[in-house]
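# Compute the structure for the input listed below.
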Amino acid sequence: MFKPAVLFTTILLLSGCALKQYPQSPKVSDEEAQTYNCAALDQEIAKSHSVQQQIDKTGEFDALTVIGFIGDFGIGNGIAKASANKHASARLNELEQLKAVRCSHPTA
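Just a heads-up that it's a prediction; the model follows:
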């Protein structure tokens, strides 16, 4: 009886479930890339910065951090935060590259 309980507890600890909900940023779609003008790109870049701030705020120490640490040593929340940061940074980079191509005006 003791072995199944230990096995179950070990599997549960290694599963890494996230308790915090981080905002997710989708990639820039082809339709978005074709329709965004410079003003829309500036607005989307501002939104991406806002999402990054939300991720940082959600990642701050609180009761869910403690519960997550007790449940799986914080692995699930860490993975969720890293994934959210990766997607937000990727979207921001795509938007900035699109802006550099679309909104570059020669200064002659």
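
# how close does P26 get to K3?
45 Å (C-beta to C-beta, to the nearest Å). C-beta here means a position set from N, CA and C on the backbone, and glycine is covered the same way.

# For the longest helix anywhere in the chain, which helices and strands make contact with it?
The helix spanning the most residues in the chain, taking DSSP state H as the definition, is helix 75-102. Packing partners of helix 75-102 (3 or more C-beta pairs under 8 Å, 6 or more residues apart in numbering; DSSP states H and E): helix 38-58, helix 63-72.

# in that helix, what's buried?
75-78, 80-81, 84-85, 87-88, 91-92, 94-95, 98-99 (16 or more other C-beta atoms under 10 Å).

# For D42, state which of the residues you listed is nearest.
Taking C-beta to C-beta as the measure, D42 lies nearest K99 of the buried residues of helix 75-102, at 7.5 Å.

# The closest residue to the closest one other than its chain neighbours: how many residues sit nearby?
With sequence-adjacent residues excluded and distances taken as C-beta to C-beta, 6 or more residues apart in numbering, K99 is closest to L41, at 4.4 Å. Using other C-beta atoms under 10 Å, L41 has 20 other residues around it.

# Begin at 16, not 1, for the rest of this chat.
Yep, numbering from 16; the last one is L56 now.

# could you dump the helices and strands packed on helix 90-117 to CSV with distance to D45?
Below are those laid out as CSV (distance: least, C-beta to C-beta, whole Å):
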stretch, distance to D45
helix 53-73, 15
helix 78-87, 37
